[in-house]
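J.: show me how the following folds:
(one chain, ligands or ions: 1)
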Amino acid sequence: MTVPGWFSEAKFGVFIHWGPYSVPAWAEPTGELGAVDPEMWFAHNPYAEWYWNTSQIEGSPAYEHHRTVHGGRPYDDFLDAWQAESFDPADWIELFARAGARYVVATTKHHDGVALWDAPGTGTRNTVHRGPHRDLIADLATAVRARGLRFGAYYSGGLDWYAGRRAVIRHEDLIDDYGRPHEAAYAAYALRQVRDLIDRYRPDVLWNDIGWPDAGMADLPDLFAHYYATVPEGVVNDRWDGAHADYLTSEYQANRQNEAAAHWENCRGIGLSFGFNRNEGPEHLLDPAAAVRLLVDVVSRGGNLLLNVGPKADGTLPGEQRAVLEGIASWTAAHAGAVYATRPLDPGAAMSHDGTPWIRWTRDDDHAYAFLADVPDSARGQVLLKTGPGMLDPATAVRLDGRPVRADAVPDGIVVTSAELGAPLPTVVRFALTTSRSVD
Ligand SMILES: C[C@@H]1N[C@H](CNC(=O)c2cc3ccccc3[nH]2)[C@@H](O)[C@H](O)[C@@H]1O
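T.: Residues are numbered from 1 along each chain as shown. Got it, this is the predicted structure:
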C-alpha cells in the first residue's frame, strides 16, 4: 500500500455531501456511526443524505416528517426544488484553504443516484438538466484547483436506489447486504460513470463508497489502470469490496482498526450527518477545539482527516459549520508547521495521553512537537512530558504561538512550565531532537 507524497503530507481534507437530500435536510441526530445500536440505525438514521431511505420506513420519525411536512411527495421533487441560487464555489474553497485543507472530496453521485454532473446514463436526472442547472463537479473542481488544492470524487458505487435495486433498507439483518445492486446492467452503468468522471475531471482521489457490484468486479483492474494512466498521482480508497486500496478508511467510530494501516483516513461530519441536517444543534457538532484536537490526534497517528461539510440547498454553508472551519483556520495559522510535512513521533519515545492533560506528538526531521491541552489548574501550568532519555533538548523549547515557555530535564522526561495550558485548543511546544538519539 503506497500513496504519493502529496496525500500523506496533506493531513487534512474537506468532504462535501450535497444533493437533493439537502432540501429536506432532515434526520434525527441519533448518534455517531459505530456508537448507535445497529437495531436503531436505519429507522433513526442520523445521516440526512439517507432521507430517501429513512423516510420510507413506516413509523419512523422521518416517515412521519415526510408525510406531514412534504405530503409524501416523490423524492425527485427535491431535485427540482434544489436551486443552489447562492452557490459561490470560490467562497467555499477559500474557507477550506484557510482552514488548512489540502484536498477536497465532493459527492458526484450519492446513494440516491442523482449525478452532480451530466453523467452518462442519467438522461436529465442530474444537476445539469434539473434543479441547479449546473455542472457542480466542474464548478467545484475548477475552484479547488484554482486555489492550489487537490480535487477528489466521491462515487456511491455500491448503492444506487434509482438505477440499482430499490429495496428500502430497514435493518441490516433483513436485507442481503443492504439490498445492493449487483447485476451486470448496473455494473456497466456505474463503470461508464466512473470512467466519465476520470476522463472529464481527472480526480486526484477516487473515493468509492459502500462497495462495487459483483458483476463489475472484473472491470476494476482495467478501471484502475486507466485511472493511474490518466492521473499518475491519483489515490484510490478502500471501499471497492477488496479489489484494491492505496489507503484504508474509517468513518466516525466505525472500522477504527483500519487506522493501524500505513496510510489511512478518518472521515466524519462536523456533526452527526454528512448531508446538512436542520435538526442538528451545537450539542451535536464538534466545536473548533474538538475539531482541532481530532485533526491533531489523527495526524499524530499517521492519518489524514477528511472532515465533511453539508451545504444548504441554496449553496451557502451552514453558519455553525463555517464557524468550526474558521476556528480551525485561526489555530492552524500559528501551528501549521507542527501538522503538515510531519510524521508520528515513535510512540515509544514519548507518551501521548488521552486523559488530562491531553498530549499528542508529531515530528519532522529536526524537531518534535508536543501538543498540550486541558492541563488542570492544580498543575499550576506544569506538564511532565515522559520522553525517552536525552531525546529532546529542553533548552530549545519554543511555543509556536510565541508565548513564553520553560522546559527542564527531569529523570523521566521534561517538565514544561507555561501559562494557559489548560485551554481546550492545543498549545504546541517545539523541541530540537538531539542527534544523540534516533527516535524512529
Ligand atoms: C461517507 C459516508 N459513507 C457511508 C457508507 N459507509 C460505508 O459504506 C463504509 C463505512 C466504512 C468504514 C470503514 C471501512 C469501510 C466502510 N464502508 C454513506 O452511507 C454515508 O451516506 C456517507 O456517504
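
J.: close to the ligand: what parts of the stretch 1-150 of the chain are there?
T.: Within the stretch 1-150 of the chain, the residues that sit near the ligand (CB under 6 Å from any ligand atom) are 47, 49-50. Bear in mind the C-beta positions are built from the backbone N, C-alpha and C, glycine included.

J.: what's the weakest-modelled helix or strand in this protein?
T.: Ranked by mean pLDDT, DSSP states H and E, the weakest helix or strand in the chain is helix 38-41, scoring a mean of 86.

J.: quick one: end-to-end length of stretch 295-309, please.
T.: One end of stretch 295-309 to the other measures 15 Å (CA to CA, to the nearest Å).

J.: so how far is it off the chain centroid?
T.: Relative to its chain's centre, stretch 295-309 lies at 8 Å (CA atoms, centre = their mean, to the nearest Å).

J.: the residue in the chain positioned nearest to the ligand and residue 238, how far apart?
T.: Going by CB to the nearest ligand atom, the ligand is nearest to residue 255 of the chain, at 3.1 Å. According to CB to CB, to the nearest Å, residue 255 stands 9 Å off from residue 238.

J.: any common contacting residues for those two?
T.: Taking CB atoms under 8 Å, 6 or more residues apart in numbering as the contact rule, residue 255 and residue 238 both touch 248-249.

J.: who has more neighbours, the two?
T.: residue 238 (23 against 16; other CB atoms under 10 Å).

J.: could you count how many residues lie near the spatially closest residue to residue 292 that is not a sequence neighbour?
T.: Setting aside the residues directly before and after it, residue 292 is nearest to residue 331 in space (CB to CB, 6 or more residues apart in numbering), at 5.0 Å. Counted by other CB under 10 Å, the residues lying close to residue 331 total 23.

J.: check contacts around residue 331.
T.: Residues in contact with residue 331 (CB under 8 Å, 6+ apart) are 288, 292, 425-426.

J.: checking it next. Helix, strand or coil?
T.: Secondary structure, DSSP: H, G, I helix; E, B strand; the rest coil: residue 331 is helix.

J.: now do it, the pLDDT please.
T.: pLDDT recorded at residue 331 is 97.

J.: between the residues of the stretch 1-150 of the chain next to the ligand, which has the most around it?
T.: Within these, residue 49 tops the neighbour count with 29 neighbours, counted by other CB under 10 Å.

J.: need the contact list for that residue.
T.: 17, 19, 21, 107, 110-112, 273-275, 310.

J.: same question, residue 18
T.: 106-107, 116, 136, 275, 310-311.

J.: pipe those residues into a markdown table and attach distance to residue 55 and pLDDT per row.
T.: Listed next are the contacts of residue 18 as a markdown table, based on distance: CB to CB, whole Å; pLDDT from 0 to 100:
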| residue | distance to residue 55 | pLDDT |
| --- | --- | --- |
| 106 | 24 | 99 |
| 107 | 19 | 99 |
| 116 | 21 | 98 |
| 136 | 23 | 98 |
| 275 | 13 | 98 |
| 310 | 17 | 98 |
| 311 | 20 | 98 |
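
J.: mind listing what the closest residue to residue 167 other than its chain neighbours touches?
T.: In space, and not counting its chain neighbours, residue 167 is closest to residue 179: 2.9 Å by CB to CB, 6+ apart. Residue 179 makes contacts with 165-169, as judged by CB under 8 Å, 6+ apart.

J.: same thing but at 10 Å, please
T.: Counting by CB atoms under 10 Å, 6 or more residues apart in numbering, residue 179 touches 53, 159, 161, 164-170.

J.: now residue 328
T.: 12, 95-96, 98-101, 286, 288-289, 291-292, 294-295, 307, 425.

J.: out of those residues, list just those in strands.
T.: Among the contacts of residue 328, DSSP state E puts 12, 307 in strands.

J.: between the contacts of residue 331, which is closest to residue 389?
T.: Relative to residue 389, the closest of the contacts of residue 331 is residue 426; by CB to CB it sits at 25.1 Å.

J.: can you give me the neighbour number for the closest one?
T.: Per other CB under 10 Å, the neighbour tally for residue 426 reads 26.

J.: from memory it sits against residue 362, does it?
T.: No - if you go by CB atoms under 10 Å, residue 426 and residue 362 don't touch, sitting 11.1 Å apart.

J.: one step back: tell me which two in the contacts of residue 179 are the farthest apart.
T.: Spanning the widest gap among those are 164 and 170, at 17.0 Å by CB to CB.

J.: tell me which of these two has more neighbours.
T.: Higher neighbour count among residue 164 and residue 170: residue 164, with 24 against 17, using other CB under 10 Å.

J.: how many neighbours does the closest residue to that one other than its chain neighbours have?
T.: With sequence-adjacent residues excluded and distances taken as CB to CB, 6+ apart, residue 164 is closest to residue 181, at 2.5 Å. Residues lying near residue 181 (other CB under 10 Å) number 25.

J.: what kind of secondary structure is the closest residue to residue 90 other than its chain neighbours in?
T.: Leaving out its chain neighbours, the residue that sits closest to residue 90 by CB to CB, 6+ apart is residue 143, at 5.0 Å. Secondary structure for residue 143, judged by three-state DSSP, is helix.

J.: so who does residue 143 touch?
T.: 88-94, 96, 104, 149, 151.

J.: kindly recompute the last result at 7 Å.
T.: Going by CB atoms under 7 Å, 6 or more residues apart in numbering, residue 143 touches 89-90, 93.
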